[in-house]
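In: Quick one, fold the following:
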Amino acid sequence: MTAAREIRLKSRPKGMPVADNFELVSVDLPAPGPGQAQVRNLWMTVDPYMRGRMNDVKSYVPPFALGEALQGGAVGEVIASNDPSLKEGDLVQSMFGWREAFNAPAGALQKLDPQGLPIQAFLGVAGMPGLTAYAGLLRVASLKDGDVVFVSGAAGAVGSLVCQIAKARGNTVIGSAGGPEKVAFLKSIGVDHAIDYKAEPDLTAALARVAPGGIDVYFDNVGGDHLEAALNAARPFARFAECGMISMYNAKELPPGPSNLALIVGKQIRIQGFIVSTHADMQADFQRDLAEWVKAGKVTWKETVFEGIERAPDAFLGLFTGENLGKMLVKLA
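Out: Predicted coordinates for the structure are as follows:
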């Protein structure tokens, strides 16, 4: 038997999640059965989309079950294997986060070749958030030469890579983030204009100040007043990639939508929501381009790290209070 701890969903949050919505449970894992491997997780990720899965509502992924371990991206090491495709010591990626160790079918694990990158990068810049940025900007928003790009949540894992991809392509980039530290980070990665939305009484005026000629692309991670400001600043035929609306995820009652939606018609704006899994066919192109950008020094990344499985709920809650600079991760071993 292998002793391990895991975080379970104890109750469904109403509004902002609290620590009491989670519970830390110890389990004993038997030896892996036929076709299975036992994995010790080294790193796990927490991501804003997980908040939606805590509600008992129909969505593009099933809700988390009460009394069961949560799920999410993780990288770990095989510590026992009962399948020929995996051996002890192999590094693997899985969706069995929120636990220190687990047994799973070998087919549910993806063998990982770090290729010189730190393994936790595959939960961030080289993983799902990275592909989200790549697909959302290049395919959904159809980035073109000369575009002025506005990114909300620009200091986060997805937003910061959107900014850097746009800069690597030679575009003008405006990023919005909260607080001086995040603004300084945006400037350090080459963002042309960084807006501290927490210091701006009028986001529409702030965006107009730095983009007097308007914007062509809006990459939305926030929704709310950021979306309203982007609609006001949009040029004719602007393209909006709707990746997330974190400003609304914990609302007990949904706020009214932007009051200026009529601008979509007159400006002929294209607004498209997207889910990264729909664009899995871009993975090979993304990995090739990312490797070139990293080698050329055009892409860098930040991580905010919490230590220990017991801190995973704190890390998750920190996503909604702005505690993360770059990717929010939990180090498990």
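In: Now do the strands in the stretch 1-150 of the chain.
Out: For the stretch 1-150 of the chain, the strands defined by DSSP state E, counting those that start in this stretch cover 2-9, 22-29, 36-45, 74-81, 91-94, 101-105, 110-111, 148-151.
In: Identify the residues contacting Val125.
Out: Contacts of Val125 were listed using Cβ atoms under 8 Å, 6 or more residues apart in numbering, and they are Ala157, Leu161, Leu290, Val299, Trp301, Lys327. All C-beta spots, glycine's among them, are computed from the backbone N, C-alpha and C.
In: closest to Pro255 among those?
Out: Ranked by distance to Pro255 (Cβ to Cβ), the contacts of Val125 are led by Ala157 at 25.0 Å.
In: residue closest to the middle of this protein?
Out: Pro129 (4.5 Å; Cα atoms, centre = their mean).
In: what's the farthest-apart pair in the contacts of Val125?
Out: Farthest pair in the contacts of Val125 (Cβ to Cβ) is Leu290 and Lys327. Separation: 14.3 Å.
In: Which parts of this structure are helices?
Out: 49-53, 128-135, 157-168, 180-188, 203-210, 224-233, 263-266, 283-295, 312-318 (DSSP state H).
In: Would you mind saying which of these lies nearest Met16?
Out: Minimum separation from Met16 across the helices of the chain (Cβ to Cβ) falls at helix 312-318, 7.7 Å.
In: Please save the CA atoms from that closest one in CSV.
Out: The C-alpha trace of helix 312-318 is given here as CSV (Å, rounded to 0.1, in the frame of the first residue of the first chain):
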residue,chain,number,x,y,z
ALA,A,312,-3.9,23.6,-3.2
PRO,A,313,-7.2,25.2,-2.2
ASP,A,314,-5.3,28.4,-1.2
ALA,A,315,-3.6,28.5,-4.6
PHE,A,316,-7.0,28.0,-6.3
LEU,A,317,-8.6,30.8,-4.3
GLY,A,318,-5.7,33.0,-5.1
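In: doesn't Leu329 make contact with the residue nearest to the centre of the chain?
Out: No: counting by Cβ atoms under 8 Å, Pro129 does not reach Leu329; the two are 11.0 Å apart.
In: Give me the common contacts of the two.
Out: Overlap of the contact sets of Pro129 and Leu329 (by Cβ under 8 Å, 6+ apart) consists of Leu123.
In: ok so, going back, of Leu290 and Lys327, which one has the most company?
Out: Applying other Cβ atoms under 10 Å to Leu290 and Lys327 shows that Lys327 carries more neighbours, namely 26 against 23.
In: Report the contact partners of that one.
Out: By Cβ under 8 Å, 6+ apart, the neighbours of Lys327 are Thr45, Gln120, Leu123, Gly124, Val125, Pro129, Gly156, Ala157, Trp301, Lys302, Glu303, Thr304.
In: Now the two most distant members of those.
Out: Farthest pair in those (Cβ to Cβ) is Gln120 and Gly156. Separation: 15.7 Å.
In: Can you tell me what sits against stretch 64-71?
Out: Identification of contacts with stretch 64-71 by Cβ under 8 Å, 6+ apart yields 6-12, 25, 50, 53-54, 95-99.
In: Let's see that with 10 Å instead.
Out: Stretch 64-71 has contacts (Cβ atoms under 10 Å, 6 or more residues apart in numbering) with 4-12, 21-23, 25, 27, 44, 46, 50, 52-56, 61-62, 72, 94-99, 102, 312-313, 316.
In: hmm, back to that, go ahead and confirm the residue nearest to the centre of the chain touches Leu123.
Out: Yes: the criterion here is Cβ atoms under 10 Å, and Pro129 meets it with Leu123 at 7.9 Å.
In: between those two, what contacts are shared?
Out: Shared contacts of Pro129 and Leu123, defined by Cβ under 10 Å, 6+ apart, comprise Thr45, Asp47, Gly73, Ala157, Lys327.
In: returning to what we had before: next, format the contacts of Lys327 as a markdown table and append distance to Gly190 and pLDDT.
Out: Formatted as a markdown table, those follow (distance: Cβ to Cβ, whole Å; pLDDT from 0 to 100):
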| residue | distance to Gly190 | pLDDT |
| --- | --- | --- |
| Thr45 | 25 | 98 |
| Gln120 | 23 | 97 |
| Leu123 | 24 | 97 |
| Gly124 | 19 | 96 |
| Val125 | 15 | 96 |
| Pro129 | 19 | 95 |
| Gly156 | 17 | 95 |
| Ala157 | 17 | 95 |
| Trp301 | 13 | 95 |
| Lys302 | 14 | 94 |
| Glu303 | 19 | 96 |
| Thr304 | 21 | 97 |
